[in-house]
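*Asks:* Sharing a sequence plus its predicted fold:
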Amino acid sequence: MELHKTQQLQIYNSLSKKKETFTPIHEGAIGMYVCGPTVYSNVHLGNCRTFLSFDLVFRYLKHLGFKVRYVRNITDAGHLENDADSGEDRIAKKARIEEIEPMEVVQRYTIDFHNTMAKFNALPPSIEPTATGHIIEQIGIIEEILKKGFAYERNGSVYFDVLKFNESHQYGKLSGRNLEDMIANSRELEGQSDKKNPQDFALWKRAEPQHIMRWTSPWSDGFPGWHLECTAMSTKYLGEQFDIHGGGMDLKFPHHECEIAQSEAFCSKTPVNYWMHANMLTLNGQKMAKSTGNNILPNEIFSGENTVLAKPFSPTVTKFFMYQAHYRSILDFSSDALEAAEKGYNRLMDAINQLDKLPTGNETTMDIAAWKQSCYDAMNDDFNSPILIAQLFEAAKFINSVKDAKASITAEDLATLKTTLHAFVFDVLGLQEVAAGSQNTGKLSGAVELLIQLRNEARANKDFATSDKIRDELATIGIQLKDGKDGTTFSL
RNA sequence: GGCAUCGUGGCCGAGGGGCUAGGCACCGGUCUGCAAAACCGUUUACUCCGGUUCGAAUCCGGACGAUGCCUCCA
């Protein structure tokens, strides 16, 4: 029997601001849409946190035995830097700066995004559609919304009529805003605008002559509005109503609000049952953002080439660090916090590596079944990875106690412990063993092994001057020797 | 200014009316030729002021502070 029939999942729904028992529209199958990146520059760590949060969701839902269709888009159409009919298309801007085609920009940073997510061991989504690949679908939706009277055309652009929509629907229900307040607080738009009201948003924009990324439409040669692509692609691949829609907290307003409005205007149905928002990753207490430059690139973390961290950290440690915080909490990125996470991660992995060497006995001095359920309870409670990890450390402590003969475990319970640990650590959290290393490290380890051997000979002869010299000189190079019961190991 | 979220021990971070996670650091122990590493054990807490309650870090109100959104952003 599938696990989801016995494990009851609670999800915090941004729409109701409450945890709700999760029930999919179709039993056993889930449709999930997550807003992907705009590919006009390298994906930064803040972006990654959101996608890793939803990778955890995807992995756990699959672990529970659901059939999940996970759609995550690539925004590759050029959208303007601001909404005031001025500003440049950011992809075209990058293309101009780098003197390449806009689609080269898109290609380059899409590849960077995929490479980076692969380093983090994130699973690829089931479908990864692009905005430019769905221009026809977007035009179709605009035509329908125009027909329903919730949009108007001005000078080749089409705008969504928010005030009109609000007469019969509720605009702002996701982000907790009401339209009257927004109108009262709205600023005058700079420059000229074709909009009837500042709250209206573009479904289609007529392209200025210098605008490179453009497509033919019934209204003008132009490009689709930003919010529309998600409505078009989620509807196409998941249907007019689907289970989960995710994205970063910063997309809640206006992006997701506009998506809801478009869908409701288009097909008169509430599109999403469970809205999930991942919180921001901050750096120096401020949100990471491409536009402000307050960000760090994943590769800068892995290589150590940055001004923030004392040393390099592997992708899996970086991910483990993120999962020690709940996805709905703001997480601040710092060297100290990462170092603490790395030590904890190593301890956990060392314990897991002990599993195969563990002696078994006639009784188990820990309630394995209760522990296992507590792992599920943690994840069932709105994907609470910090609690799950706390439970994993409880298991690590127990493993070490068994190793020291201070506790015992039966062969049967050991099998359960091992299966459960592997399921949560590798399948659900998607952590990885740190790679064994290249050929060069193979040669290096041979050399260090030789030094260890020489040191041990010196120690046997009580020639501590020599043995300490080997140990200390290696330490200054950055190679640490670790004397254990079963001999000496080293770490770089 | 409006709308939200949040303020937890040296640090990071869960929890959420009485049973008070976890990681890192510190300290104590085991181990060691001495160390380090590893392992085990352990201390320190809920921004402030009111209120509700037998009891509040947890609920309510207020103050102060932080962050996010209100213009593109995960």
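*Replies:* Happy to help now that I have it. Note that the structure is a prediction, hence the values are computed from the model and not measured.
*Asks:* does residue A:20 count as helix, strand or coil?
*Replies:* When classified by DSSP: H, G, I helix; E, B strand; the rest coil, residue A:20 comes out as strand.
*Asks:* now swap in the one 10 residues further on and tell me
*Replies:* Following three-state DSSP, we place residue A:30 in the strand state.
*Asks:* how close does it sit to residue A:23?
*Replies:* Counting by C-beta to C-beta, to the nearest Å, the gap from residue A:30 to residue A:23 is 10 Å. Any C-beta I mention is one placed from the backbone N, CA and C, and that applies to glycine too.
*Asks:* Then residue A:431?
*Replies:* 30 Å.
*Asks:* between those two, who's got more neighbours?
*Replies:* Looking at residue A:431 and residue A:23 with other C-beta atoms under 10 Å, you find the greater number of neighbours at residue A:431, namely 23 against 12.
*Asks:* and the more buried one, which of the three is it?
*Replies:* Under three-state DSSP, residue A:431 comes out as coil.
*Asks:* how about it, what does it touch?
*Replies:* Contacts for residue A:431 (C-beta atoms under 8 Å, 6 or more residues apart in numbering) come out as A:121, A:316, A:319-320, A:345, A:349, A:425.
*Asks:* can you do 10 Å?
*Replies:* When contacts are counted by C-beta atoms under 10 Å, 6 or more residues apart in numbering, residue A:431 is found next to A:121, A:315-317, A:319-320, A:323, A:345, A:348-349, A:352, A:389, A:392, A:424-425.
*Asks:* same for RNA strand B: which of the residues you listed are within range?
*Replies:* residue A:389 (C-beta under 7 Å from any atom of the strand).
*Asks:* Can you list which of the contacts of residue A:431 are found in helices?
*Replies:* Cross-referencing the contacts of residue A:431 against helices under DSSP state H gives A:315-317, A:319-320, A:323, A:345, A:348-349, A:352, A:389, A:392.
*Asks:* Dump those to a markdown table, plus distance to residue A:477, neighbour count and pLDDT.
*Replies:* Putting these into a markdown table (distance: C-beta to C-beta, whole Å; neighbours: other C-beta atoms under 10 Å; pLDDT from 0 to 100) gives the following:
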| residue | distance to residue A:477 | neighbour count | pLDDT |
| --- | --- | --- | --- |
| A:315 | 25 | 24 | 96 |
| A:316 | 25 | 21 | 96 |
| A:317 | 22 | 23 | 96 |
| A:319 | 29 | 26 | 97 |
| A:320 | 27 | 25 | 97 |
| A:323 | 33 | 24 | 97 |
| A:345 | 24 | 23 | 96 |
| A:348 | 28 | 20 | 95 |
| A:349 | 24 | 18 | 94 |
| A:352 | 29 | 20 | 94 |
| A:389 | 33 | 24 | 97 |
| A:392 | 33 | 24 | 97 |
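*Asks:* Turn those into JSON lines, including distance to residue A:247.
*Replies:* Output for the ones in helices among the contacts of residue A:431, formatted as JSON lines (distance: C-beta to C-beta, whole Å):
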{"residue": "A:315", "distance to residue A:247": "22"}
{"residue": "A:316", "distance to residue A:247": "24"}
{"residue": "A:317", "distance to residue A:247": "26"}
{"residue": "A:319", "distance to residue A:247": "19"}
{"residue": "A:320", "distance to residue A:247": "23"}
{"residue": "A:323", "distance to residue A:247": "19"}
{"residue": "A:345", "distance to residue A:247": "28"}
{"residue": "A:348", "distance to residue A:247": "30"}
{"residue": "A:349", "distance to residue A:247": "32"}
{"residue": "A:352", "distance to residue A:247": "33"}
{"residue": "A:389", "distance to residue A:247": "24"}
{"residue": "A:392", "distance to residue A:247": "28"}
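*Asks:* Let me know the closest of those residues to RNA strand B.
*Replies:* When those are ranked by distance to RNA strand B (C-beta to the nearest atom of the strand), residue A:389 comes first, at 5.8 Å.
*Asks:* Hmm, the closest one is touching residue A:345, no?
*Replies:* Yes - when contacts are counted by C-beta atoms under 10 Å, residue A:389 is listed as touching residue A:345 (9.5 Å).
*Asks:* Find residues that contact each of those two.
*Replies:* A:320, A:324, A:431.
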